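Participant: I would like the atomic coordinates for the input below:
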Amino acid sequence: MRLLLTGGSGYLGQHLLALATEWDVLSTYHTRPFTPAHGAAIPLNLEDKAAVHAVVENFRPAVIVHTACSNRNADHIRAIVPAARHLAQAAHASGARLVHLSTDSIWNGEDAPYTDDSPPTPLNEYGRAKAEAETVVRALCPNAVIGRPSLIWGLGPIDHQTRWLVEGAHSGARVTLFTDEWRNPVYAPDLARAVLELAARPEITGTLNLVGAQPLNRWEFGTRLLNALKLPIPPNVVPLTIAESGLVRARNVTALAHRAKRELQTQLRGVDEVLRET
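Facilitator: Okay, the predicted model is just below:
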C-alpha cells in the first residue's frame, strides 16, 4: 500500500522510513532535501493547499502520516494549523487514512497525569497551534487518528536534544536540566512502530497518548542518557528548578497511554527498560 509521509527528513521520519519496508512510501520535505532509506522524496510546502491536494491526488496514498512540525521560530509555528487543515481536507476528499502526530505540549502541566481524553490547556504559542491543529483534524477528517507523543529520544542516531546535552557536556559550558519538569520520554523506534501500526489499522480512530511508560524529570532523563553513552556527568551539567530559571514552562505533562496499551501490539517502553534491552 501507498503511504505519504510528511517530515520524512525529520528524526521520527527517518525512523519510520527505516521500518516502513512493506509500504510504497513517498516522503515530503520542506527545506532539507534528503535521500530516503526507503521510497522517494519530494519537496512540498504544506501551507500550499493546491500543492498538497495535487500530491495526494497524483500519488493516491492509502495512508497519510503527518509528522512534519517545528517550533524553531514563529513562521514554523504559524504553519502548523494550515498544514494540518490541508492534509485533513486532502485525506477526507481522497479517502486516505490520516495519522496525525500532535504533542504533550498541548497541556499546561497543572492536571497530570493526562489521559487520552484530557482536553488541551496550552501554555504557549506552539501548544496553542498544536491544539488547534487537533481540532481542525477532528472536524475535517473524522476518521483520522491523532497520536500525542512526549519527548522523542533515541541512541542510533541520538536525537537532537541528546546531542545538545552531549555537546554541552563536552564543551564545558553550563548545561542545566530541570528537576521539576516531568515528561514520558518515548523511544523513537517504539514510536515509529506504533505509528505504522496505526497506519495499518483504520479501525482505530480518535486520540491516543503515545508516550513512554516511565515518567522522568529532565535531570533524571539526561543523566541516564549520559550514563548510557558511557559519559561521566561533568560539573558543568547541573540540576535546576523552573523557578530558579525564571522561565514559564509546563511542570508536569506526564500522561497515561491507556488506549495504546489496550489497543496496540506495540509496546511504548520506559527509558530504563529500553536501556536494559539495548
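
Participant: So which residues of the chain form helices?
Facilitator: According to DSSP state H, the chain carries its helices in the segments 11-19, 49-59, 74-78, 80-94, 125-140, 160-171, 188-199, 218-228, 242-245, 258-263, 271-277.

Participant: Minimum distance to Gly147: which of those helices has it?
Facilitator: Between Gly147 and these, the shortest gap by CB to CB is with helix 188-199, which sits at 6.5 Å. For glycine as for every other residue, the C-beta is placed from the backbone atoms N, C-alpha and C.

Participant: in the protein, what residue sits furthest out from the centroid?
Facilitator: Distance to the chain centre peaks in the chain at Pro235, reaching 31.2 Å (criterion: CA atoms, centre = their mean).

Participant: Include mean neighbour count and mean pLDDT when you put the helices of the chain into TSV, please.
Facilitator: Supplementary listing: the helices of the chain in TSV, determined by neighbours: other CB atoms under 10 Å; pLDDT from 0 to 100:
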stretch	mean neighbour count	mean pLDDT
helix 11-19	22	97
helix 49-59	16	99
helix 74-78	13	92
helix 80-94	22	98
helix 125-140	19	98
helix 160-171	15	93
helix 188-199	22	99
helix 218-228	19	96
helix 242-245	13	92
helix 258-263	15	98
helix 271-277	16	97
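
Participant: Out of those, which gets nearest to Ala68?
Facilitator: Nearest to Ala68 among the helices of the chain is helix 80-94 (6.6 Å), distances taken as CB to CB.

Participant: rewinding a little: with distance to Leu210 as extra columns, can I get the helices of the chain in JSON lines?
Facilitator: Putting the helices of the chain into JSON lines (distance: least, CB to CB, whole Å) gives the following:
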{"stretch": "helix 11-19", "distance to Leu210": "11"}
{"stretch": "helix 49-59", "distance to Leu210": "24"}
{"stretch": "helix 74-78", "distance to Leu210": "21"}
{"stretch": "helix 80-94", "distance to Leu210": "17"}
{"stretch": "helix 125-140", "distance to Leu210": "13"}
{"stretch": "helix 160-171", "distance to Leu210": "17"}
{"stretch": "helix 188-199", "distance to Leu210": "6"}
{"stretch": "helix 218-228", "distance to Leu210": "17"}
{"stretch": "helix 242-245", "distance to Leu210": "25"}
{"stretch": "helix 258-263", "distance to Leu210": "6"}
{"stretch": "helix 271-277", "distance to Leu210": "15"}
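
Participant: These: which one's closest to Ser102?
Facilitator: Across the helices of the chain (criterion: CB to CB), the nearest stretch is helix 125-140, sitting at 5.4 Å.

Participant: who touches the residue lying closest to Ile152 once chain neighbours are set aside in this structure?
Facilitator: Excluding its sequence neighbours, the residue lying closest to Ile152 (CB to CB, 6 or more residues apart in numbering) is Ala188, at 5.3 Å. Listed by CB atoms under 8 Å, 6 or more residues apart in numbering, the contact partners of Ala188 are 11-12, 15, 152-154, 159.

Participant: ok, back up a step: per-residue pLDDT of the residue farthest from the centre of the chain, please?
Facilitator: pLDDT recorded at Pro235 is 95.

Participant: going forward, begin numbering at 20 instead of 1
Facilitator: Right, with 20 as the first residue, what we last looked at is Pro254.

Participant: re earlier: and the helices of the chain: which comes nearest Thr86?
Facilitator: helix 30-38 (5.0 Å).

Participant: Any idea how far that closest one is from the middle of the chain?
Facilitator: Offset of helix 30-38 from its chain centre (CA atoms, centre = their mean, to the nearest Å): 12 Å.

Participant: now that helix and helix 179-190, what's the angle there?
Facilitator: Helix 30-38 runs at 110 degrees relative to helix 179-190, counting by axes from the mean of the first three to the mean of the last three CA atoms, to 10 degrees.

Participant: Show me what helix 30-38 is packed up against.
Facilitator: Helix 30-38 sits against strand 21-25, strand 43-48, helix 207-218, with contacts defined as 3 or more CB pairs under 8 Å, 6 or more residues apart in numbering; DSSP states H and E.

Participant: Just the C-alphas of it, formatted as PDB.
Facilitator: Extracted in PDB, the C-alpha atoms of helix 30-38 (Å, rounded to 0.1, in the frame of the first residue of the first chain):
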ATOM      1  CA  TYR A  30      14.100  12.500  13.300                       C
ATOM      2  CA  LEU A  31      10.900  10.500  13.600                       C
ATOM      3  CA  GLY A  32      10.500  10.400   9.900                       C
ATOM      4  CA  GLN A  33      13.900   8.700   9.500                       C
ATOM      5  CA  HIS A  34      12.900   6.000  12.000                       C
ATOM      6  CA  LEU A  35       9.600   5.500  10.100                       C
ATOM      7  CA  LEU A  36      11.400   5.100   6.800                       C
ATOM      8  CA  ALA A  37      13.700   2.500   8.300                       C
ATOM      9  CA  LEU A  38      10.800   0.400   9.300                       C
END
